[in-house]
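Chemist: Compute the structure for the input listed below.
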Amino acid sequence: FQKFDFLCLVEDFSDVADFLLVYIDEAHPSDGWVAPQMGPCSFSFRKHQNLEERMGAARQLTDHFSLPPQCQLVADCMDNNANVAYGVSNERVCIVHQRKIAYLGGKGPFFYNLKEVRQWLEQLRQTVGPNTEE
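Modeler: Numbering: from 1, shown residues only. Next up, the predicted model:
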């Protein structure tokens, strides 16, 4: 998760875009395929058995990463339909514009490019101007 760059996008473009993180199935559950510890970004979650557990894990990540209020966090359903629909695997950046996928980045954490997202949002701002809806 490219935390700093993502948080900068939220800060810089919340006037033209709504930001939403979808917490999906745990990629490296402590009772499954365990990933090596990565310092302060390390977490240990068991495979979610129900939506309450998944939402609890999502809340812990929200607190840890200090997500700004302009970025909402939701949890995927237990059938993982968002994960399947967007081919997420671990993480992925997607821009939905006018109810259509306008940008679909590569699969993360290594194959997506937040600079491309920034360029897309800059073009959107030039086209439509800031979002004035309240």
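
Chemist: Give me the nearest residue to residue 91, chain neighbours excluded.
Modeler: Closest residue to residue 91 apart from its sequence neighbours, by Cβ to Cβ, 6 or more residues apart in numbering: residue 108 at 3.5 Å. Just so you know, the C-beta spots here come from the backbone N, C-alpha and C atoms, and that holds for glycine as well.

Chemist: what's the neighbour count on that neighbour?
Modeler: 16 (other Cβ atoms under 10 Å).

Chemist: That one contacts residue 94, doesn't it?
Modeler: No: look at residue 108 against residue 94 with Cβ atoms under 8 Å: they stay out of range, at 11.1 Å.

Chemist: How about the contacts made by the residue nearest to the spatial centre of the chain?
Modeler: Centroid-nearest residue in the chain: residue 21, 3.5 Å away (criterion: Cα atoms, centre = their mean). Contact analysis of residue 21 by Cβ atoms under 8 Å, 6 or more residues apart in numbering lists 67, 71-74.

Chemist: so how far is residue 76 from residue 25?
Modeler: 7 Å (Cβ to Cβ, to the nearest Å).

Chemist: Which residues are in contact with each of these two?
Modeler: The contact lists of residue 25 and residue 76 share 54, 83, where a contact means Cβ under 8 Å, 6+ apart.
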